[in-house]
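In: Next one to model:
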Amino acid sequence: MIKTLLKIRLKQIYREISGIGLIRLIVLAGIIGFVGLALYIPASDKSTSQYISIGFLLVVMLIHLKRRDKLFLKSHFSDHKILMLSEYIVLSVPFISC
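Out: Sure thing, here's the model as predicted:
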């Protein structure tokens, strides 16, 4: 069940990426790379890494509060909380790996 929903999400991401075009994709990849590098370097300091972690948690919380598919997940899946948690874990894998 989780695997199926994650496949659906990956297909949605692919459709969105293919819809923005090549030039915008290159610019977006550059911006993401620059922001990732800008966050990776100061994350070696303990106090800065705590602020970055708090910022990431706030972003995840905002994503959760603005979700429009909560009712869909509640009505179609019995373990909707586990599904949302697994999506957030997949979203945070790059952050955790750094």
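
In: Give me the residue ranges of the chain where confidence is low.
Out: 98 (pLDDT under 70).

In: what's the strand or helix carrying residue 14 packed up against?
Out: Assigned by DSSP states H and E, residue 14 falls within helix 2-20. Counting contacts by 3 or more Cβ pairs under 8 Å, 6 or more residues apart in numbering; DSSP states H and E, helix 2-20 packs against helix 80-97. Every residue, glycine included, has its C-beta placed from N, CA and C.

In: just to revisit the earlier point, so which bits of the helix or strand following the helix holding residue 14 are buried?
Out: Per DSSP H and E, the first helix or strand lying C-terminal to helix 2-20 is helix 22-40. Neighbour counts using 16 or more other Cβ atoms under 10 Å place residue 39 of helix 22-40 among the buried residues.

In: Packing partners of the next helix or strand after helix 22-40?
Out: For helix 22-40, the following helix or strand on the C-terminal side (DSSP H and E) is helix 46-65. Applying 3+ Cβ pairs under 8 Å, 6+ apart, one finds that helix 46-65 makes contact with helix 80-97.

In: run the last query once more with 6 Å
Out: For helix 46-65, not one helix or strand is in contact under the criterion 3 or more Cβ pairs under 6 Å, 6 or more residues apart in numbering; DSSP states H and E.

In: for that helix, the distance to its chain's centre please.
Out: Centroid separation for helix 46-65 versus its chain: 12 Å, with Cα atoms, centre = their mean, to the nearest Å.

In: now stretch 12-23
Out: 16 Å.

In: Export only the CA atoms of that stretch, formatted as CSV.
Out: Presented in CSV, the C-alpha positions along stretch 12-23 are these (Å, rounded to 0.1, in the frame of the first residue of the first chain):
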residue,chain,number,x,y,z
GLN,A,12,3.1,13.0,-10.2
ILE,A,13,6.6,14.5,-9.6
TYR,A,14,7.7,13.2,-13.1
ARG,A,15,4.6,14.8,-14.7
GLU,A,16,5.3,18.1,-13.0
ILE,A,17,9.0,18.1,-13.9
SER,A,18,8.2,17.3,-17.5
GLY,A,19,5.7,20.0,-17.7
ILE,A,20,8.0,22.8,-16.6
GLY,A,21,10.4,22.5,-19.6
LEU,A,22,14.1,22.0,-20.0
ILE,A,23,15.3,25.5,-19.3
